[in-house]
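1. coords please:
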Amino acid sequence: MIREKVLLVFINFENFKNNTTKKQRYPKTINENVEELKNLTISAGADVEEILCHKQDKPNPKYFISTGKLEEIKNIVDNKEIELVIFDNEITPTQQRNLQLELDTKVLDRTALILDIFAQRAHSMEGKLQVELAQLNYLLPRLTGKGIELSRLGGGIGTRGPGETKLEVDRRKIRKRISLLEKKMYQISVQRDTQRKKREEKNIFQIALVGYTNSGKSTLLNATTDSDAYIEDRLFSTLDSTTRKLKIYPNSEVLISDTVGFIKKLPHQLIASFKSTLEEVRRSDLLLLVVDISNTDFENNIYSVKEVLKEIDVWQKPVVLVFNKIDKLSSGELNSLKIKYKNSVFISALKRRGLPDLYLRIKKIIERHYLNIIVKIPYNENKIMSFIYSNCQVLGRKDLEDSTILNLNVNSKYCSILSRYIYRGRGSREANIG
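-> Presented below is the predicted three-dimensional model:
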């Protein structure tokens with residue numbers, strides 16, 4: 001397979017007061033930004049031939065970049081036979097078209113690059129639908145003239161996903177396709193809701209793995225559940241949500257779900273399209289925020305994940321920071337970080353180190369989520385007895401002449417339903433019900 005030659009362009013608008021990009025708590029250095037976009041480009045299947053960094057007061061309305069720097073880019077494109085120019089910044093549809101005409105080559109921004117990677121990684125029907133929906137929403141305002149331009153420029157990054165025919169369809173057809181995809185996604189979301197409601201009715205504690213892409217979430221899922229979820233050391237290797245049973249207690253089910261990885265400046269089209277997948281995060285009882293501790297930029301990655309979680313309104317849930325890949329650190333570095341992040345868990349999912357500490361933390365949270373109560377149920381209360389066996393963990397039982405005494409582990413949200421049956425009599429100690 002022939003890999004495209006790519007030029008990466010980074011523009012820093014130092015004096016642009018109207019720049020709406022949210023400042024990060026831990027600002028990335030230019031080298032960290034370059035390394036991330038470089039890794040994304042390689043993940044998409046291209047080779048980075050040249051990198052250009054430039055400071056500018058404000059965006060050029062026509063070309064985004066200054067005309068002088070545009071001429072420099074044009075020379076690089078011609079001399080090094082560059083086939084694709086990728087901007088780390090988001091550029092408008094008009095700026096993209098003008099740049100392509102001037103440079104006579106493909107021009108994409110960071111959002112288009114990430115969408116292309118998602119198009120390559122999507123394997124399930126749901127994943128493909130979600131990516132296509134995101135790509136079409138991105139493509140729609142960029143449609144004018146694009147069919148002529150890109151049919152001349154050929155395939156490669158930025159042309160995958162819905163198919164080559166997307167370059168030739170008009171706005172009306174794209175809107176019709178978007179409407180159809182939204183209906184299909186709604187049907188899938190209804191099916192997922194039905195599955196989730198069944199889990200909730202069974203009072204199953206649910207955990208969601210969240211984190212920056214390539215932080216080791218899938219490896220952790222496999223290590224804790226003895227499963228074989230797909231793993232690869234590259235960005236966005238998995239897109240589809242995977243749920244497995246976590247056997248912490250011998251007689252109790254806990255479910256843990258792996259979710260799509262996040263990244264800095266995650267395209268809004270993807271957040272909107274992946275609603276059904278991200279719903280696993282919304283419905284969870286606990287979030288394990290998995291962090292690649294060997295990444296020098298891990299604090300900024302934590303911040304980026306927090307921003308996405310706030311955007312989908314789940315940051316109020318219980319969150320445990322799980323620092324992964326401790327096998328890549330020296331003992332001194334690890335001890336220093338343990339002092340700084342006292343309430344966190346430190347593991348190596350690959351080496352299966354630190355997992356007992358993680359299980360202990362999860363158990364403590366589950367114990368706060370559930371209460372141990374003893375209830376006395378008359379024999380004629382069939383409905384409440386059925387409810388208990390459907391929604392509670394029965395730890396012990398003793399049958400009396402007119403009633404049954406049960407020792408229950410129950411979700412705190414069900415306590416109001418069972419409050420009138422709580423048994424505080426002498427028999428609660430003498431019943432020997434476990």
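
2. how deep is residue 178 tucked in, by neighbour count?
-> 16 (other C-beta atoms under 10 Å). C-betas here are computed from N, CA, C, even on glycine.

3. quick check: the gap between residue 189 and residue 294.
-> 36 Å (C-beta to C-beta, to the nearest Å).

4. ok, now residue 43?
-> From residue 43 over to residue 294 (counting by C-beta to C-beta), the distance is 18 Å.

5. give me the more crowded residue out of these two.
-> Set residue 43 next to residue 294 and count neighbours by other C-beta under 10 Å: residue 43 wins out with 21 against 17.

6. mean confidence for whatever helix or strand the more buried one lives in?
-> In the assignment (DSSP states H and E), residue 43 maps to helix 30-44. The average of the pLDDT scores along helix 30-44 is 84.

7. so what's residue 393 closest to, chain neighbours aside?
-> residue 409 (4.0 Å; C-beta to C-beta, 6 or more residues apart in numbering).

8. can you name the residues bridging to that neighbour?
-> residue 372, residue 393 (DSSP bridges).

9. residue 95 should be in a helix, yeah?
-> Yes. Counting by DSSP: H, G, I helix; E, B strand; the rest coil, residue 95 is found in a helix.

10. looking at it now. What's its pLDDT?
-> 94.

11. what about it, how many residues nearby?
-> Neighbour number of residue 95 under other C-beta under 10 Å is 21.

12. ok, it touching residue 89?
-> No. In this structure, residue 95 is not within contact of residue 89 by C-beta atoms under 8 Å, at 9.9 Å.

13. what do the two both touch?
-> residue 64 (C-beta atoms under 8 Å, 6 or more residues apart in numbering).

14. ranges for the helices of the stretch 201-350 of the chain?
-> Applying DSSP state H, counting those that start in this stretch to the stretch 201-350 of the chain gives helices spanning 217-225, 268-273, 275-282, 298-311, 331-340.

15. out of the ones you listed, deepest packed?
-> helix 217-225 (a mean of 23; mean count of other C-beta atoms under 10 Å).

16. show me what that one packs onto, helices and strands only.
-> The contact analysis (3 or more C-beta pairs under 8 Å, 6 or more residues apart in numbering; DSSP states H and E) places helix 217-225 against strand 205-211, strand 242-249, strand 252-258, strand 286-292, strand 319-324, helix 355-369.

17. in JSON lines, list the ones you listed along with mean pLDDT and distance to residue 337.
-> As requested, these are arranged in JSON lines below (pLDDT from 0 to 100; distance: least, C-beta to C-beta, whole Å):
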{"stretch": "strand 205-211", "mean pLDDT": "90", "distance to residue 337": "16"}
{"stretch": "strand 242-249", "mean pLDDT": "82", "distance to residue 337": "26"}
{"stretch": "strand 252-258", "mean pLDDT": "83", "distance to residue 337": "24"}
{"stretch": "strand 286-292", "mean pLDDT": "95", "distance to residue 337": "10"}
{"stretch": "strand 319-324", "mean pLDDT": "96", "distance to residue 337": "7"}
{"stretch": "helix 355-369", "mean pLDDT": "90", "distance to residue 337": "14"}
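
18. right, so of the ones you listed, which gets closest to residue 344?
-> strand 319-324 (4.0 Å; C-beta to C-beta).

19. distance from that closest one to the middle of the chain?
-> Between the centre of strand 319-324 and the centre of its chain there are 15 Å (C-alpha atoms, centre = their mean, to the nearest Å).

20. do the same with stretch 124-140
-> 16 Å.

21. below-threshold pLDDT in the stretch 51-200 of the chain: ranges please.
-> Counting by pLDDT under 70, the stretch 51-200 of the chain contains low-confidence ranges at 143-155, 158-170, 196, 198-200.

22. fine by me, we can end here.
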